[in-house]
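K.L.:
model this:
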Amino acid sequence: MTATALASGLAAVVSLVCFVVLTVALALLPVVAGGVALLGLVPLAARLTGLHRRLTGRLLQADLTASYDRAREADPVRRLGRWARDNTRWRDFSYLAFDGTGGLVMSGIVVVLAGAPFFYLTAPLTLGDPIWWWLLPVAGLAAGLWWLLTPILLRARFTAGAAVLGWSPVAALEQEVSRVAASRAETVDSAAAELRRIERDLHDGVQARIASLGMNLGLAEVLMREDPAAAEELVTEARRATTSVLEDLRTVVRGMHPPVLADRGLDGAVQALALDVAVPVTVATALPGRAPAPVESAVYFAVAEALANVVKHSGATRAWVQLAHRDGVLTALVGDDGQGGADPGRGTGLAGITRRLGAFDGTLQLVSPAGGPTTLRMEVPCALSSSRTPPSSGTA
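P.N.:
Predicted coordinates:
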């Protein structure tokens, strides 16, 4: 904690310098030099506060991502005008003022409290005055104050800084509620679309085949006495049709919930899935137990969609899937050695994966630089039950 306070204190000194220079540049704005200085200082302030946003967000476990006006202006005057209308830029300016004053003081108090016990312990030896021997118990008091106040001061410092940057616990809760509500709405829409797909598959496939089967059997009944050979041929054809109908039904059922998922768990289901992929897929699993059935189903279909994207778009020669569970989070990593450059904004595949995982507060992270490789990281918070499938790895 003291190291955090020291680092934040040093950063606060930089913030103070940046704030002072920005203030001077703003005062000199009517002069050309002031505008030129702002063209360099404003982006610098954004980068500096970006570091503070990441540090504060990590400590408070909050999302402090900045929402700047990203429009580009070639004209320097218009660029300054757009920055002046950007509330996030002014929040950066306000944060630099806070960090260089109040934040610096609070970090300094923590550092002073950390150094006080060492001072009182070494003072009798270094200063030589006998009175410091009587003040030795103060070292224990100072250590107690440091232990008690440091978490409070650091929490207050970063919470106040986050508030200046536009974050508050209430706003974060409202944002989370809105996100969950949107995720639930998307899940309902996705479920409705899935039901329509199943209905369409049954109507266009299975129902039509069963109707044809019934007509053939009816015709065979009519021909049974007049033309037994023709009737026998129709019955034989009907028997073959039942096999096809059963296969269609199995296909529909696999689209709803693959039997292998229920029988062998996510490990075995993904390994079976990899066998049907057109490129070699290496599967490595380290799941000590079974996830809840809805989570397993969501992750399975997300991996299936990701592998389908590999085949259709990546031009890869190999792919890999890794399944793991750590700290209460189920992680599925899908990668390939293809051409990269995947864009979540193109197509509906990645958006569908995001919706599917979002129903369980899951997240999707895509890394796909031009030239590859592409990695898709899917995380879903969940607990595992007792193990029923051993960890395994292999190449399909």
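K.L.:
Now do the strands in the protein.
P.N.:
Along the chain, the segments classed as strands by DSSP state E run 281-286, 319-326, 329-336, 363-367, 374-381, 393-395.
K.L.:
export those strands to TSV and tack on mean pLDDT?
P.N.:
Supplementary listing: the strands of the chain in TSV, determined by pLDDT from 0 to 100:
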stretch	mean pLDDT
strand 281-286	87
strand 319-326	90
strand 329-336	90
strand 363-367	86
strand 374-381	89
strand 393-395	51
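K.L.:
Nearest to Leu165, out of those strands?
P.N.:
When the strands of the chain are compared for distance to Leu165 using CB to CB, the nearest one is strand 363-367, at 22.5 Å. All C-beta atoms are positioned from the backbone trio N, CA, C, and that covers glycine.
K.L.:
how does the protein divide up, domain by domain?
P.N.:
Residue ranges for the structural domains of the chain, counted by automatic domain parsing, are given in the record as 2-164, 172-256, 260-395.
K.L.:
For the second one, give the mean pLDDT please.
P.N.:
For domain 172-256, the mean per-residue pLDDT is 69.
K.L.:
hmm, back to that, need the winner for burial among the strands of the chain.
P.N.:
Burial among the strands of the chain, expressed as mean neighbours by mean count of other CB atoms under 10 Å, is greatest for strand 329-336, which shows a mean of 22.
K.L.:
which stretches of the stretch 51-200 of the chain have low pLDDT?
P.N.:
Per-residue confidence for the stretch 51-200 of the chain (pLDDT under 70) gives these ranges: 120, 124-125, 127-129, 131-136, 171-172, 175-176, 179-200.
K.L.:
Do a quick rundown of the helices in the stretch 51-200 of the chain.
P.N.:
With DSSP state H, counting those that start in this stretch, the ranges of helices along the stretch 51-200 of the chain come out as 76-84, 87-98, 104-126, 131-134, 137-164, 169-201.
K.L.:
now the nearest residue to Pro76 once chain neighbours are set aside: how far from Asp75?
P.N.:
Sequence neighbours aside, Leu39 is the residue nearest to Pro76 in space, at 5.8 Å (criterion: CB to CB, 6 or more residues apart in numbering). The gap separating Leu39 from Asp75 is 11 Å, by CB to CB, to the nearest Å.
K.L.:
Please identify which of those two sits among more neighbours.
P.N.:
Neighbours were tallied for Leu39 and for Asp75 using other CB atoms under 10 Å; the higher tally belongs to Leu39 (14 against 9).
K.L.:
what separates the closest residue to Thr242 other than its chain neighbours from Ala220, distance-wise?
P.N.:
Ranked by CB to CB, 6+ apart and with sequence neighbours excluded, the top spatial neighbour of Thr242 is Leu213, at 6.7 Å. Distance of Leu213 to Ala220, computed by CB to CB: 11 Å.
K.L.:
Spit out the residues that contact these two alike.
P.N.:
Counting by CB atoms under 8 Å, 6 or more residues apart in numbering, the contacts common to Leu213 and Ala220 are Ala238.
K.L.:
still on that earlier bit, look up how far Gly289 lies from the residue nearest to Thr242.
P.N.:
44 Å.
K.L.:
neighbour-wise, which of these two wins?
P.N.:
Taking neighbours as other CB under 10 Å, Leu213 and Gly289 compare with Leu213 leading, 18 against 13.
K.L.:
Do I have it right that the more buried one meets Thr243?
P.N.:
No. With contact defined as CB atoms under 8 Å, Leu213 and Thr243 do not form a contacting pair (10.9 Å).
K.L.:
CA atoms only: put stretch 302-311 into CSV for me.
P.N.:
Extracted in CSV, the C-alpha atoms of stretch 302-311 (Å, rounded to 0.1, in the frame of the first residue of the first chain):
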residue,chain,number,x,y,z
ALA,A,302,-19.9,-20.0,-28.7
VAL,A,303,-16.8,-22.2,-29.4
ALA,A,304,-18.7,-23.8,-32.3
GLU,A,305,-19.4,-20.4,-33.8
ALA,A,306,-15.8,-19.3,-33.3
LEU,A,307,-14.5,-22.4,-35.1
ALA,A,308,-17.0,-21.9,-37.9
ASN,A,309,-15.5,-18.4,-38.3
VAL,A,310,-12.0,-19.8,-38.5
VAL,A,311,-13.0,-22.1,-41.4
